[in-house]
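Participant: Show me the folded form of this:
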Amino acid sequence: MVKIDLKGQVKEFENGVTAAEVAKSIGMGLYKSACCARVNGQACDLRTPIEADCQMEILTFDSEEGKKAYWHTASHIMAQAVCRLYPGTKFAIGPAIDNGFYYDFDMENPLSLDDLPKIEEEIKKIIKENIPLERFELAPGAAKEKMAGQPYKQELIDEHAGNGENISFYSQDDFTDLCAGPHLMSTGMVKAVKLTAITGAYWRGDATKKMLTRVYGIAFPKQSQLDEHLQMLEEAKKRDHRKLGKELGLFMLRDEGPGFPFFLPKGMVLKNTLMEYWREVHKKYRYVEISTPIMLNRQLWERSGHWDHYKDNMYTTVIDEADFAIKPMNCPGGMLVYASEPHSYRDLPLRVGEIGLVHRHELSGALHGLFRVRCFNQDDAHVFMTREQMQDIIQETVRLFDEVYSTFGLTYTIELSTMPEDHIGTVEEWEKNQDILKEAITAMGKEFVINEGDGAFYGPKLDFHIADSLGRTWQCGTIQLDSQLPERFELEYVGVDGERHRPVMIHRVVLGSFERFLGVITEHFAGAFPLWLSPVQAVILPIAERHHEYAKALQKQMEEAGLRVECDLRSEKTGYKIREAQLKKTPYMLVVGDKEQEAQEVSVRHRKDGDLGAISVQAFIEKAKAEIESKEIK
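Facilitator: Below is the predicted model of the structure:
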């Protein structure tokens, strides 16, 4: 017999009982909705036999691991459908991703969007067949035989052959794929599927290798969930920051500089306003601001560890026969600033911020509007402190994050990323720092999930995933706890005891980068920015030419009051100009005619609330300034 702890309730089962049988013993509802299980913290198949006492959780589609098992199974069903319809297809990899799944195919005649309905019909047939998925293992030699005619699979088998372990497979009728799982029990458990896109993708992301056809899809247990998701995708298309960036005149992307965005005048107003807000908040939290060089020599990057761990993402050059690198992050320069003068415990914590222009080499296929660029302004900061100050500073930083995100109406979840394989420093140091992050965040009453092995190479981190108005999440803020770089740069402070000590530091960004954050909030607000952020806060619309002088005088008066105002002096009908201002997401439209001119008033329209009536010019200025001051979201 084995004892299985099911969230605190311990039950006994026969040795070798499967996770599926455990789920069935709890209830048929859970059994039918189960996607996989978590045994002693590890996600596994429902078909997994339990041979020893353990902790178990049955996972449904509502859990992250459950979704991945569901979507991974859907990717296998799609691959089976493609192979049935197009014999001779060579298939590469087909993982679950954050929002669905994809599979890469090598085909004589690449697929097009017109092929997707046909593939979807075949997928429905395979689901209806309710084919069981069966797991088995083969030695590397037999595995290669099994995958004869599938060069991509054979390459993957060769990579794993060196460890001497068997290769695991999943089979469903006429389709077999090498895979670690976990998967659903049968194809019939997948209910609603939609193929969403086709793109090209290089094998292994390497531009020197063959271009494959990548088909994306999404699947849900209920058709209503799929319909809701597709509706969200349609709304996301309308909010696409690349589309809105062009329509609103914010930024542009050119083939002359892939991944290097051009900010246009209105985009610069938006960007500079955001930077002013960043400076305002950081001044409140007692940060000082610095600026470090954009290019520094190789020795510095070797000392920091970036040359060994990040060189492939760095742009390098040679100056006076010495290697230099354009900075991909601001940290090493910040170390030199700290080391430039002696410090006492009285100076700590020392909060140092920098809006640093950084460059990182991203693969061309990964570039995406402002979300993934090669050049961006990082809202970086480093806080140097004593070990005794660590928890207080981490909590203070989280409070700063809370203030900033709430200003934009954004909520977040927290992920604790732990020690990666390529870490520097001892395991003991890492575990100690991970515990400090856990304790600090738990003491604030905040929850977090563990992201195993995804810490920075120099320290564990808290990643903040913000949720926008469509419920999509974006990783923006991070707090990275680091005792390695202060050691490498031999940073010191004189303690209360008069002795020299090594400070600890955190690296942290709240926005991530100004460019990416601007992309996020453009989609979050659908381009209708709050008044304080809007590049144009009001447009004055004179009804006839005789009102032009009054309109110009109003513009001057409002600009002197600190508002960003435009005049539309075109000889178009007022209704047309209002509609155009609405399309440009202008917060306020101020209509002026004979009556307004005589009374020294403006007729106010809001882009959302409509006609607000006529008020005095001064009353509108005061109203607008109060809304800007409060950073109200309408």
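
Participant: list the contacts for Leu124?
Facilitator: One thing to correct before we go on: residue 124 is Lys, not Leu. Val193 (Cβ atoms under 8 Å, 6 or more residues apart in numbering). The C-beta positions use only the backbone N, C-alpha and C, and glycine is treated the same way.

Participant: What of the one 10 residues further on?
Facilitator: Neighbour list for Glu134: 170-172 [criterion: Cβ under 8 Å, 6+ apart].

Participant: try 10 Å this time
Facilitator: 47, 169-173, 176, 183, 185-186 (Cβ atoms under 10 Å, 6 or more residues apart in numbering).

Participant: in the helix or strand of the chain with the lowest mean pLDDT, what counts as buried?
Facilitator: Least confident helix or strand of the chain, by mean pLDDT, DSSP states H and E, is helix 306-310 with a mean of 85. Residues 306-307, 309-310 are the ones in helix 306-310 that count as buried (16 or more other Cβ atoms under 10 Å).

Participant: Poorly predicted segments of this protein, please.
Facilitator: 162 (pLDDT under 70).

Participant: Tell me where the longest helix sits in it.
Facilitator: Criterion DSSP state H: the longest helix present in the chain is helix 64-85.

Participant: what residues does the helix or strand following that one touch?
Facilitator: Next helix or strand after helix 64-85 toward the C-terminus (DSSP states H and E): strand 90-91. Defining contact as Cβ under 10 Å, 6+ apart, one finds that strand 90-91 is touched by 76, 78-80, 82-83, 103-108, 147, 149-153, 175, 177, 210, 212.

Participant: Can you go through those and name the buried ones?
Facilitator: Buried among those (16+ other Cβ under 10 Å): 76, 78-80, 82-83, 103-106, 147, 150, 152-153, 175, 177, 212.

Participant: if you look at the contacts of Glu134, which of them are in strands?
Facilitator: If you go by DSSP state E, those have 169-172, 176 in strands.

Participant: Pick out the most distant pair among the residues you listed.
Facilitator: Phe169 and Gln172 (10.6 Å; Cβ to Cβ).

Participant: and of the contacts of Glu134, the nearest to Leu113?
Facilitator: Closest to Leu113, out of all of the contacts of Glu134 and judged by Cβ to Cβ, is Gln172, at 26.2 Å.

Participant: hang on, the closest one packs against Thr73?
Facilitator: Yes: using Cβ atoms under 10 Å, Gln172 is in contact with Thr73, at 8.9 Å.

Participant: Which one of the two is surrounded by more residues?
Facilitator: Shown here are Gln172 and Thr73; by other Cβ atoms under 10 Å, Thr73 has more neighbours (28 against 21).

Participant: Next up, the contacts around the more buried one.
Facilitator: Contacts of Thr73 (Cβ under 10 Å, 6+ apart): 35-36, 96, 101, 133, 170, 172, 179, 181-187, 189-190, 219.

Participant: Show me the one in the contacts of Glu134 that has more neighbours than the rest.
Facilitator: His183 (27 neighbours).

Participant: which ones are touching that residue?
Facilitator: Contacts of His183 (Cβ under 10 Å, 6+ apart): 35-36, 45-47, 69-70, 72-76, 133-135, 170, 172, 177, 189.

Participant: what ranges do the strands span in the stretch 1-150 of the chain?
Facilitator: 2-6, 9-13, 17-18, 34-39, 42-44, 49-50, 54-60, 90-91, 96-97, 100-106, 134-138 (DSSP state E, counting those that start in this stretch).

Participant: will you turn these into CSV that also has distance to Pro117?
Facilitator: Shown next, in CSV, are these (distance: least, Cβ to Cβ, whole Å):
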stretch, distance to Pro117
strand 2-6, 43
strand 9-13, 46
strand 17-18, 37
strand 34-39, 27
strand 42-44, 33
strand 49-50, 41
strand 54-60, 30
strand 90-91, 20
strand 96-97, 22
strand 100-106, 17
strand 134-138, 30
